[in-house]
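Novice: my questions are about this predicted structure, shown below with the sequence.
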Amino acid sequence: MRFLSRIAFAIASVVLIVLAMTLMAYGVSGPVLAMRNSWLGMRDAVIQAVSYVVIAIAVFDVAKYFVEEEVVQIKGKQTLAEARVSLTRFITTIIIAVFIEGLVGVFEVSNKSPADMVYPVFLLLTATLIVLVLGIYQRMSIGAEKERKEKDLPE
């Protein structure tokens, strides 16, 4: 079953990588096409391109995480610290993507219709909440690691 699971994660990772590259190419093509048509549409195209590229990087990082954690690694996490570091790296990528998407949203709607600012603001608030929860997780996880070391329990 473990072998089948590794194959499934490998296939999913390859699909995600191809989709991330496609999204990145699409994002980069926007400003190029806008530049050919008019300079006025360039600002919006560049902002949209940033959004696409950031999302593509987040998708690529998810694929990389799957490969590292589910395909390549033969055994599970060896210690609590390794699991914490791995999860923190993964969540940090998601946080960055949500923050940038929120900022891109703010720039997009600020000039057009400020009434639509609710969605980007909620994205920024959500990213902030995720950062706070990650901090709580870090604190609790490190506390558990110290407690284990004090009791000389194996990790």
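Specialist: Cool, the structure landed. Numbering: from 1, shown residues only.
Novice: pull out the buried residues from the helix or strand where residue 29 lies.
Specialist: According to DSSP states H and E, residue 29 maps onto helix 2-37. By 16 or more other Cβ atoms under 10 Å, the buried positions in helix 2-37 come out as 6, 9-10, 12-13, 16-17, 20, 23-24, 27, 30-31, 34. No exception for glycine: its C-beta is placed from N, CA and C like everyone else's.
Novice: who's in contact with residue 107?
Specialist: Shown in contact with residue 107 (Cβ atoms under 8 Å, 6 or more residues apart in numbering): residue 47.
Novice: right, and the helix or strand after the helix or strand bottoming out on mean pLDDT in the chain?
Specialist: The weakest-scoring helix or strand in the chain, judged by mean pLDDT, DSSP states H and E, is helix 80-112 (a mean of 84). Next along the chain after helix 80-112, taking DSSP H and E as the criterion, comes helix 118-150.
Novice: quick one: contacts for residue 9?
Specialist: So residue 9 contacts 66, 67, 70, 71 (Cβ under 8 Å, 6+ apart).
Novice: what sits closest to it if chain neighbours are left out?
Specialist: Nearest residue to residue 9 in three dimensions, chain neighbours excluded: residue 70, at 3.9 Å (Cβ to Cβ, 6 or more residues apart in numbering).
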